[in-house]
Each structure stands twice: as structure tokens, then as C-alpha cells.
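S.K.: structure of the sequence below:
(one chain, ligands or ions: 2)
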Amino acid sequence: MGGGFCKMVIDALFPRFCLSCKREGQIFCLDCASNWIARPEPVACPFCGIRGSARTCLRCRKENYLDGLVSYLPYGNPIVRGVIGYWKYDGDRSVERTLKQWIEQSRGRLRPVFEEFVVTHVPIHSSRKRLRGFDQAEVLSNWVGEIFDAPIEMLLVRSRKTKPQAKTHHDKRRVGSLDGIFEIHPQVIELPARVLLCDDVFTSGATMDAAAKCLKDAGVEEVWGFVMAKGSHEA
Ligand SMILES: [Zn+2]
Ligand SMILES: [Zn+2]
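M.R.: Ligands and ions are numbered 1, 2, ... in the order given. Sure thing, here's the model as predicted:
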């Protein structure tokens, strides 16, 4: 009851408007959420953007560990950016229903990639999780496991805190600067051969690649990423 009252007060102080039709009420109203379908972006190498395959291209494979990336929402779309932003930066969990629905809509297109993969996530630091109350990548990994009927395991821990990657310009990315920020989770007994690493957004890819490196150094053969959206290479 107390939580409901708090929510009422917050709603009164900070009214929400639908990102699409601008109606007051929710960030993405039920009408708009059920009518809006994410148009996928062309598949491309996650690092250089060369089109044709979601697999990391031969050239980029020399410097990166991630084998490929599945992204199902266009990050350039203001609705997508808005909904993810409310979730990630404002910690507003009311948008989760919409975000989960978007994966369900893409289910048929995304499925083939996930056979024989164990689903895990790129963890945020435990202090950041305490502050925010949840780890958005972990929430996403639970949806992915549920929707695609794949096993979910906590494989990684974040041992060092870093600045959010979205705020670091692509050019400033230094290869190897994120080495050692992840470790294999102490409770892991045996690592799977194939891992699907979930995270909310892929920008430079440095964080996800550091996580992929940690898994591969420990013996994982293939690591693919799964994100809600991929930031553009021009940004
Ligand atoms: Zn609306
Ligand atoms: Zn490439």
C-alpha cells in the first residue's frame, strides 16, 4: 500500500507523456505499444559496421573476441532511445513490459542464433546495482532465456568499476584498457562451449568485448552478444 501511495505522489509530481502520441499517462501508452513494430536494421559487423552478416568480420576478428552480435531495435529511433533511456538512466521499471514485448515481436527472426547457447549477461558493478536496485542486463538475460527457452547462468562478475561506455567517445577507446574488469563468477564449476552475452545497448563494444575476452580466456569457444539496440557508428 505504501509503495502504491509513493507511486501516486511521484506520478502527480512528474506526469509522464507517451513518447509516441504525447498523451499523458505512460511513457509508451498501451495503444502505441501494441501498434508499434520495431523495423530491424540491416545486419552488420558489430565493430566496423560492414553489412551482410551479424558475425564479426574477418578484419575485426583480429582485434576483437566477440564472434557476432544480435541487436533487435533501431537505436536511432527516438521512441527506442526514449524507452531505453527511461529504463537505464532513470531506473524506471514501468517500461519493462514494452521492452519485453519488443523482443517477443522479434522472436521468429532472432531464434536460430540461440540454439545450444547458454544465456548470461554483462554485469554492472555490485555497488552500481545496489544504487539502481537492478541490473538491466541481467533483467534482459532473464527475458531472453524465458522467451527462447534457453538455460540462463551467471557466468561473470565485474571486479572493477568503470565509466559508462556510452559517455566515452568511440575514438577514445583504447584496446586493452578494459582488460581485467571481469572475472568468471566464483560459483561457476564448468563453463559452457557457447555463450550468449546480454547487455542493454552496444556502443563502442569495448565493454562487451572485454567480457567476451574473459570468457574465451577461460575456455569458452564461441561468444555472441545480444543487445536491445546498437548505437550508430557515426555517433
Ligand atoms: Zn501513445
Ligand atoms: Zn568488422
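
S.K.: wait, what's in contact with the closest residue to residue 148 other than its chain neighbours?
M.R.: Using Cβ to Cβ, 6 or more residues apart in numbering and skipping residues adjacent in sequence, the residue nearest residue 148 is residue 114, 4.7 Å away. (C-beta placed from N, C-alpha, C; glycine too.) Taking Cβ atoms under 8 Å, 6 or more residues apart in numbering, we find residue 114 in contact with 144, 148, 150, 196.

S.K.: and which of the residues you listed is nearest ligand 1?
M.R.: Proximity of the contacts of residue 114 to ligand 1 (Cβ to the ion) peaks at residue 144, which lies at 26.4 Å.

S.K.: just for this structure, where's the confidence low?
M.R.: Scanning the chain for pLDDT under 70 picks out 1-14, 38, 111-113, 162-177, 232-235.

S.K.: in this structure residue 132 contacts residue 91, no?
M.R.: Yes - if you go by Cβ atoms under 8 Å, residue 132 and residue 91 touch, sitting 5.2 Å apart.

S.K.: out of the contacts of residue 114, flag the one nearest to residue 110.
M.R.: residue 148 (7.4 Å; Cβ to Cβ).

S.K.: so what's the residue count around the closest one?
M.R.: When counting by other Cβ atoms under 10 Å, one arrives at 18 neighbours for residue 148.

S.K.: cool, and residue 100?
M.R.: Neighbours around residue 100, by other Cβ under 10 Å: 17.

S.K.: hang on, it in a helix?
M.R.: Yes - assignment of residue 100 by DSSP: H, G, I helix; E, B strand; the rest coil places it within a helix.

S.K.: name the SS class of the closest residue to it other than its chain neighbours, please.
M.R.: Once flanking residues are discounted, residue 100 sits nearest to residue 143: 5.1 Å by Cβ to Cβ, 6+ apart. Assigned by three-state DSSP, the conformation of residue 143 is helix.

S.K.: use 4 as the first number for this chain going forward.
M.R.: Sure, I'll start counting at 4 from here, so that last one is residue 146.

S.K.: and the contacts of residue 117, which two are the farthest apart?
M.R.: Checking the contacts of residue 117 with Cβ to Cβ, the most distant pair is 151 and 199, at 8.8 Å.

S.K.: could you pull out the helices for this protein?
M.R.: 5-16, 33-38, 61-64, 81-91, 99-113, 129-135, 139-150, 209-220 (DSSP state H).

S.K.: would CSV of the ones you listed with distance to residue 44 be doable?
M.R.: What follows is the helices of the chain, written out as CSV (distance: least, Cβ to Cβ, whole Å):
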stretch, distance to residue 44
helix 5-16, 34
helix 33-38, 20
helix 61-64, 18
helix 81-91, 11
helix 99-113, 12
helix 129-135, 28
helix 139-150, 18
helix 209-220, 17
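
S.K.: so residue 219 touches residue 227, yeah?
M.R.: No - Residue 219 lies out of contact with residue 227 (Cβ under 8 Å); the separation is 12.0 Å.

S.K.: more neighbours: these two, which one.
M.R.: residue 227 (21 against 17).

S.K.: list the contacts for that one?
M.R.: The neighbourhood of residue 227, defined by Cβ under 8 Å, 6+ apart, consists of 69-73, 116, 120, 197-200.

S.K.: just the closest of the residues you listed to residue 139, please.
M.R.: Closest approach to residue 139 among those (Cβ to Cβ): residue 200, at 13.8 Å.

S.K.: now list whatever residues contact both of residue 151 and residue 199.
M.R.: Common neighbours of residue 151 and residue 199 (Cβ under 8 Å, 6+ apart) are 117, 122.
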